[in-house]
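**Student:** Give me the fold of what follows.
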Amino acid sequence: MSKKGRVLVAMSGGIDSTVTAMMMHEEGYEVVGITMKTWDYANSGGSKKETGCCSLDSINDARQVAVNMGFHHFIIDIREEFGDFVIDNFVEEYMAGRTPNPCVLCNTHIKWEALLKRADAMDCEFIATGHYAQTGEANGRRFIRKAVDEHKDQSYVLWGLSQECLNRTLFPLGPYKKPEVRQMAADWGYEELSQKPESFEICFVPDNDYRSFLRRRVPGLEKKVAGGKFIDVDGNVIGEHIGYPFFTIGQRKGLGQAFGEPMYVTAIFPDTNTVQLGRMDDLIKNGMRVYKLNSMKYPEFEEGMEVVSKVRYHDHGVMSKLTPDGDALNVEFYANVKGVAPGQSAVFYEGDDVIGGGVIWGGVR
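**Tutor:** Numbering: from 1, shown residues only. The predicted structure follows:
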């Protein structure tokens, strides 16, 4: 066994995970590659050709790299556990009038658990992934830190990782920028891979049409939710819509009718199949309530903590104050925030450090 140890590398066949495997190999780790089959897009009824981490081409690309580099590679089928948990939650959240974040759920409850389980079975001390993130240590705890490449930083989607996961996870790409990673691939002789385009889609909705996905997953959905009402912020009916699950907070386009001025989805009420519309200023919130918490940098969230809160992946964040309230947090924004969407992730930062996060229950005006 290598002096550095044995590491299980999650390989999707894309450039980031491939370079991660090659870096671990070059640094002297004994590498075992693993590719997780999470979703069979052929069963979804979508119109787009299967792409991304679940495609046969991507699996073959990952295996070929392992063959070229001389380390073992395995494919594991986690479609059943992925579907039961991630996809069912995705549908349930939309049916509850919320906007889910399936990538966060998959990372924290499916992929890392699957990786740790296989790492133990294969005597691997560590796991490594191609995420753009770093780790730090304080207070006897490990936590996520932002990547050097601010445009690729994925710390937002990793807030839910447990201490057990963090203690055994390596993020080799964290100190590098994407052009440097592409150059590494080219230098290692993978010129075609270095130019491989990136995918920003949800793996099980590769055509980005979540409405059609919901229709396929919930038989008779359109009939069940047809004839819903649009209301204004004062509760007045101003139109009809196709059904509340087909709308998200902050949405402006695709409302199905014109109102004479830009209107945005400001609230969703599933019990009455009602969607509230307002002007952009009506999206402004002064705070939010967050639940399903995970504290990373500190043992717990403390009264009066001042942090930068991010409510979306590419959000710049806003200074905030945290107030614990039972199993939840009340968050006071120091500046107005637009588009606080129930179901999305709230992630809290001290500088580059992720102190933790949770799921948005609702905004406070």
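**Student:** rest of the way, CA atoms for contacts and neighbours
**Tutor:** Will do.
**Student:** Show the low-confidence segments of the stretch 201-350 of the chain, by residue range.
**Tutor:** 201 (pLDDT under 70).
**Student:** What are the boundaries of the strands in it?
**Tutor:** For the stretch 201-350 of the chain, the strands defined by DSSP state E, counting those that start in this stretch cover 228-231, 237-241, 264-269, 274-278, 284-295, 306-310, 318-325, 328-338, 345-350.
**Student:** now for the first one, which elements pack on it?
**Tutor:** Think strand 228-231. Applying 3 or more CA pairs under 8 Å, 6 or more residues apart in numbering; DSSP states H and E, one finds that strand 228-231 contacts strand 237-241, strand 274-278.
**Student:** and it, how far out from the chain's middle?
**Tutor:** From the chain centre to the centre of strand 228-231 is a distance of 30 Å (CA atoms, centre = their mean, to the nearest Å).
**Student:** cool, and the fifth one?
**Tutor:** For strand 284-295, the separation from the chain centroid amounts to 17 Å (computed by CA atoms, centre = their mean).
**Student:** tell me what that strand is packed against?
**Tutor:** strand 328-338, strand 353-364.
**Student:** would you list those in JSON lines and tack on distance to residue 153 and mean neighbour count?
**Tutor:** Putting these into JSON lines (distance: least, CA to CA, whole Å; neighbours: other CA atoms under 10 Å) gives the following:
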{"stretch": "strand 328-338", "distance to residue 153": "21", "mean neighbour count": "19"}
{"stretch": "strand 353-364", "distance to residue 153": "12", "mean neighbour count": "23"}
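**Student:** Would you tell me which of the ones you listed gets closest to residue 187?
**Tutor:** Residue 187 lies closest to strand 353-364 among those, at 32.1 Å (CA to CA).
**Student:** Please work out which residues outside that closest one touch it.
**Tutor:** 136, 143-146, 155, 159-160, 285-298, 340-349 (CA atoms under 8 Å, 6 or more residues apart in numbering).
**Student:** CA atoms only for that strand - export them in PDB, please.
**Tutor:** Provided in PDB are the C-alpha atoms of strand 353-364 (Å, rounded to 0.1, in the frame of the first residue of the first chain):
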ATOM      1  CA  ASP A 353     -15.300  29.600   5.800                       C
ATOM      2  CA  VAL A 354     -18.700  27.800   5.700                       C
ATOM      3  CA  ILE A 355     -19.900  27.700   9.300                       C
ATOM      4  CA  GLY A 356     -23.000  25.700   8.200                       C
ATOM      5  CA  GLY A 357     -26.300  25.900   6.500                       C
ATOM      6  CA  GLY A 358     -29.900  24.700   6.300                       C
ATOM      7  CA  VAL A 359     -33.000  24.700   4.200                       C
ATOM      8  CA  ILE A 360     -35.100  27.900   3.800                       C
ATOM      9  CA  TRP A 361     -38.500  27.600   5.400                       C
ATOM     10  CA  GLY A 362     -39.600  31.000   4.400                       C
ATOM     11  CA  GLY A 363     -38.700  34.700   4.000                       C
ATOM     12  CA  VAL A 364     -39.600  37.400   6.600                       C
END
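**Student:** now the angle between strand 284-295 and it, please.
**Tutor:** Going by axes from the mean of the first three to the mean of the last three CA atoms, to 10 degrees, strand 353-364 is angled at 130 degrees with respect to strand 284-295.
**Student:** angle of strand 353-364 against strand 264-269?
**Tutor:** 80 degrees.
**Student:** what's the angle from strand 353-364 to strand 306-310?
**Tutor:** Per the same axes, to 10 degrees, the angle that strand 353-364 makes with strand 306-310 is 70 degrees.
**Student:** Give me the angle between strand 353-364 and strand 345-350.
**Tutor:** Interaxial angle, strand 353-364 versus strand 345-350 (the same axes, to 10 degrees): 130 degrees.
**Student:** Mind checking the pLDDT average for strand 353-364?
**Tutor:** Average pLDDT, strand 353-364: 95.
**Student:** thinking again about what came up before, can you tell which of the helices and strands packed on strand 284-295 is closest to residue 112?
**Tutor:** Nearest to residue 112, of those and by CA to CA, is strand 353-364 at 17.2 Å.
**Student:** Cool, thanks, signing off.
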